[in-house]
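>>> dropping a prediction and its sequence here:
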Amino acid sequence: MRLLCRMLLMGALLSCGVRAQAQPVELVVSAAASLKDVMAAIARDYHKRQPNVRVRFNFASSGTLQRQIEQGAPVDLFIAAADKNMNELAARNLIDKKTRHVLAGNVLVLIAPQNSKLPLRRFKDVVSPALTHIAIGGPAVPAGMRAEEVFRKLGIWPQVQRKAVRGKDVREVLTQVELGNVEAGVVYRTDAAVSRRVRVVAIAPASMHQPIRYPLAVIAGSEHPLEARAFAAYLVGAQSKVALRKYGFVVK
């Protein structure tokens, strides 16, 4: 009788275990807007390997995503476009610090519409009277911060500031240039690469701005910490590095 009870109990536990493993999990990943295309590709590959895990992305500027997390938004994993945002969350113990890694880097570029006739060759050329508007990420947008650093080093930020159209994230900056609403814009190389309507006219030397890095970390209040850690490990693994390089990111 005892043996029968044990067998029935074991069968019930195994049955529960199977159902638990089959239970689908949705991970919410808040990621910098410039990662939109590559993250979609990586998530598709990951879902093939882990069919019970579906990744839902929330793309926006890193500053906006940081504020959402600070206000208690249900997020499992955060990928920022600047160390500053991750550092501030870490200071408030809102991330699992052991899971923090650098995903990739990027390059800052000056772009213009594909059919532009303006003689833009360098970042300094944006002071030309012929250029009346330039799109730049807002003060809380990492690409905007890096652009401001470049123009300050060149000693032309006051002139640029008067012409600046500030975008809520780097993809909005790209869109403004694509539509011809502005004569130029500052984005990452990876953003320019996904558009046929813009061209890169200049590359900012890395020495002119703070390093462009994408730190990632699991959120301390994640509802699915095990799955979030597993996805974070996949993101910094060899398979994802292939995709990141393909989309133009700097990967070590």
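On my side now, so go ahead.

>>> and stretch 24-38, C-alpha only, in CSV?
The C-alpha coordinates for stretch 24-38 follow below in CSV (Å, rounded to 0.1, in the frame of the first residue of the first chain):
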residue,chain,number,x,y,z
PRO,A,24,5.2,29.5,-21.4
VAL,A,25,7.1,32.5,-20.0
GLU,A,26,7.0,36.0,-21.4
LEU,A,27,10.2,38.0,-20.7
VAL,A,28,9.8,41.8,-20.8
VAL,A,29,13.1,43.4,-22.1
SER,A,30,13.5,47.2,-22.0
ALA,A,31,16.1,48.0,-24.6
ALA,A,32,17.6,51.2,-26.1
ALA,A,33,15.9,52.1,-29.4
SER,A,34,19.1,51.6,-31.5
LEU,A,35,18.9,47.9,-30.7
LYS,A,36,15.5,47.4,-32.3
ASP,A,37,16.5,45.5,-35.4
VAL,A,38,19.2,43.3,-34.0
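
>>> list the buried residues for it?
25, 27-38 (16 or more other C-beta atoms under 10 Å). Every residue, glycine included, has its C-beta placed from N, CA and C.

>>> do stretch 208-227 as well
Quick answer for stretch 208-227 (16+ other C-beta under 10 Å): 209, 212-220, 222, 224-225, 227.

>>> which residue ranges of the stretch 51-200 of the chain form helices?
62-70, 83-91, 142-153, 157-163, 170-178, 189-193 (DSSP state H, counting those that start in this stretch).

>>> and among those, the most buried is which?
helix 170-178 (a mean of 24; mean count of other C-beta atoms under 10 Å).

>>> ok, back up a step: got TSV for the buried residues of stretch 208-227, with distance to G180 too?
Converted to TSV, these look like this (distance: C-beta to C-beta, whole Å):
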residue	distance to G180
H209	27
I212	27
R213	32
Y214	30
P215	35
L216	35
A217	39
V218	41
I219	39
A220	44
S222	42
H224	44
P225	46
E227	44
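
>>> quick one: which of these sit in strands?
R213, Y214, P215, L216, A217, V218 (DSSP state E).

>>> for the fourth one, give me its contacts.
Read it as L216. Counting by C-beta atoms under 8 Å, 6 or more residues apart in numbering, L216 touches L77, F78, I79, A80, T99, R100, H101, V102, L103, A232, L235, V236.

>>> if you rank these by neighbours, which is first?
For the contacts of L216, the largest number of neighbours (other C-beta atoms under 10 Å) sits with F78, at 30 neighbours.

>>> from what I see, it and A90 are in contact.
No. In this structure, F78 is not within contact of A90 by C-beta atoms under 8 Å, at 10.6 Å.
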